[in-house]
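Q: Quick one, structure for this:
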Amino acid sequence: MAGAAAEQRRLATVVESWLGRPVLVIGDAMLDDWRFAESDRLCREAPAPVLTLRRRISAAGGAANTAVNVAALGGRAVLVAPVGADVAGDELHDCLDRAGVWDRTVNQPGRPTPVKRRMLAGNQILLREDSGDPDDALGDDGVARLLTALECATEELRAAAGGEAPTLVVCDYGLGALPAPVRAWLVAQRERYATVALDAHDLADWRGLAPTVVTPSFAEATRLLARAAGTRAAHGPELHLAHPDGDRADGPSELTVGAAPGGLGPPHDARHPDGLAGDLPGLAVGEMGPTGDVPGLAAGATGPVGGAVGPTGEPMPGEGRVAMTGDGTTVTGTGVTVNATAGEGVDRAELAESRLAELRAHTGADVVAVTLDTDGAVVGGADGEPRRSHSTPVPASHAVGAGDAYLAAMTLALAADAPLPTAAQLAQLAATITVSDTGTCVCRREDLLTALDVPVDGAGNRALVGADELAAIVAEHRRAGRSIVFTNGCFDVLHRGHVRYLEQARALGDLLVVAVNSDGSVRRLKGPDRPVNPVEDRVALLAALACVDHVVVFEEDSPAGLIETVRPDVYVKGGDYPPEMVPEAPLVRRLGGQVRTLGYVPDRSTSAIIDRIRSHGQEVQEDSSLTSKPS
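A: Here you go, the predicted structure:
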């Protein structure tokens, strides 16, 4: 039990450490439009439900939702992305403003903002309409303005962080926001960013970026391995990789397995950039063959579609639509043809684990996190040790954008120099706790801390902090112009006098930090029979008070070390004596603070309460002994 609590505290420390970390997000921003309707009858013209719209919600999607998650988790998020000069663009700007994202998007007149509109009835998605043409490329002027915004946002973040190199997150969903000149700029400017995270449908487009972490879905990882493999011959027909004329890196190649039948069922769209739940449950890379080729590329069947086996995923723009038959899948133009039976019954996590080294080599990434939707994720780093995390199955409408939450938490944790296992844990937790309801997923910092069983105040700040992290927290508040009030004590039996005293102390500034003596310190100060309540209980009660912002435990008999760390604007002590008699007064004044003393409520003290309890206990004992005497 103690070990679990220590682990949660360790994870919470990482969450606290990334507070205010500068993160620049660039990529395909879109608007998620949710329309909730009711239906109680079918229309006469067709066997279709008649819908009555009851509620509509707009949310940031794609790269914009990643930026929103970074801000919600406590980072300082800046978004650079092309956005249309239209109604959807206006709504997206409003979403970013509400979330506290620094909006550095670039208006693109004549190029619509991508929108995903979902119509639901009874929390079931009935249809989705996508608008925004990925083939509508940015013009030269649009590219130039996007690069200018990138340059300015990078320097703006660096200046706001006191010269610290910002973190970069690239969200490339193939919707045209990141054309070749922008990709080339980011590759050339890689050294300006301390940590770089990449989430791209086509990872091959980002050769040379050398990202810190990539987060492909299983389908995206499979596509990259298949294109890199060339040929294979195992478990079925030969796999042939036919590259287009010219440079093999120019674009996606056509991957063909077996005979492509002439009559295909209708296309079916399953893969989308909405998050973890959009990944394909049956797409698999087979065991590695003796020549290093990819021996198995399989698309799972989700039911017949016009005589065809189900979807294999949404292709990259220009790849056409994917349809599957019993003999294989054909993609018009450039794309993928997959045997329907290859890799059946193979565990996706095991396959991903076996190919992590190859994925790192092909992407140049330090860390590869292959997301497996309801199966969690598989993460690998330079040590070659795979880490597996698990998720909870939920309806698809609950998991839209969960991948954005995963990406944001993973990026912030790595940027804060967290160990890879810790970053993987926090990323999976962030994705998992967001999927409790229908809508676009956003993980808030307070939700993450609550899931770690850490008290937070009404503003979402963690109340209980460690001495080693208190300085960074106070510095962040001070940069925001807030004045710091500091007090300390044993607070053994929390009573009305304590509460009034702490409320008065809080009124003297913007932030109240309460330092609490450890159990050993209390015993040295009060005697061997104290404390009555252990430090875990004492700090939990203090952290629950609305007037207390942060609680910290100290082992020493004097809080002098913490006072030097916090450098409070106001130091408060309880008692009726003048401030000059406070032992810490000279130190506080030397550090530029002032000292105040506040009296307790009369007849309300810990010692008096303990004496009354003990006295009552003795009276009960005496009464009991009298009544038990024989007559």
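Q: switch to C-alpha atoms for all contacts and neighbour counts from now on
A: OK.
Q: From the rest of the structure, what touches whichever strand or helix holds residue 421?
A: Residue 421 belongs to helix 420-432 when assigned by DSSP states H and E. Residues outside helix 420-432 that contact it (CA atoms under 8 Å, 6 or more residues apart in numbering): 11, 376-377, 379, 381, 387, 389-392, 402-410, 413-414, 443, 448.
Q: hmm, 6 Å instead?
A: Here helix 420-432 makes contact (CA atoms under 6 Å, 6 or more residues apart in numbering) with 402, 405, 406, 409, 410, 413, 443.
Q: I'd like those written out as JSON lines, with secondary structure, pLDDT and neighbour count added.
A: Below are the contacts of helix 420-432 laid out as JSON lines (DSSP: H, G, I helix; E, B strand; the rest coil; pLDDT from 0 to 100; neighbours: other CA atoms under 10 Å):
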{"residue": "402", "secondary structure": "helix", "pLDDT": "88", "neighbour count": "30"}
{"residue": "405", "secondary structure": "helix", "pLDDT": "93", "neighbour count": "32"}
{"residue": "406", "secondary structure": "helix", "pLDDT": "94", "neighbour count": "31"}
{"residue": "409", "secondary structure": "helix", "pLDDT": "95", "neighbour count": "32"}
{"residue": "410", "secondary structure": "helix", "pLDDT": "95", "neighbour count": "27"}
{"residue": "413", "secondary structure": "helix", "pLDDT": "94", "neighbour count": "24"}
{"residue": "443", "secondary structure": "coil", "pLDDT": "92", "neighbour count": "27"}
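Q: Convert the helix holding residue 421 to PDB, retaining C-alpha atoms only.
A: The C-alpha trace of helix 420-432 is given here as PDB (Å, rounded to 0.1, in the frame of the first residue of the first chain):
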ATOM      1  CA  LEU A 420      10.500   6.600 -20.200                       C
ATOM      2  CA  PRO A 421       8.500   4.100 -18.100                       C
ATOM      3  CA  THR A 422       7.000   7.100 -16.200                       C
ATOM      4  CA  ALA A 423       6.200   9.000 -19.400                       C
ATOM      5  CA  ALA A 424       4.500   5.900 -20.800                       C
ATOM      6  CA  GLN A 425       2.400   5.500 -17.600                       C
ATOM      7  CA  LEU A 426       1.300   9.100 -17.500                       C
ATOM      8  CA  ALA A 427       0.500   9.100 -21.300                       C
ATOM      9  CA  GLN A 428      -1.700   6.000 -21.000                       C
ATOM     10  CA  LEU A 429      -3.400   7.300 -17.900                       C
ATOM     11  CA  ALA A 430      -4.200  10.700 -19.600                       C
ATOM     12  CA  ALA A 431      -5.700   8.900 -22.500                       C
ATOM     13  CA  THR A 432      -7.700   6.400 -20.400                       C
END
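Q: Past it, which element shows up next along the chain?
A: According to DSSP H and E, the helix or strand after helix 420-432 is helix 445-451.
Q: following that next one, which helix or strand comes up?
A: Heading C-terminal from helix 445-451 (DSSP H and E), you reach helix 467-479.
Q: How far does that next one sit from its chain's centre?
A: 22 Å (CA atoms, centre = their mean, to the nearest Å).
Q: Identify the residues contacting it?
A: Contacts of helix 467-479 (CA under 6 Å, 6+ apart): residue 565.
Q: tell me which residues of it are tucked away?
A: For helix 467-479, a neighbour-count test (16 or more other CA atoms under 10 Å) marks 467, 470, 472, 473, 474, 475 as buried.
Q: do the same with stretch 385-398
A: Those would be 386, 387, 388, 389, 390, 391, 395, 396, 397, 398, for stretch 385-398 by 16+ other CA under 10 Å.
Q: can you give me the helices for the stretch 151-300 of the chain?
A: Remark: helices assigned in the stretch 151-300 of the chain by DSSP state H, counting those that start in this stretch are 180-188, 218-229.
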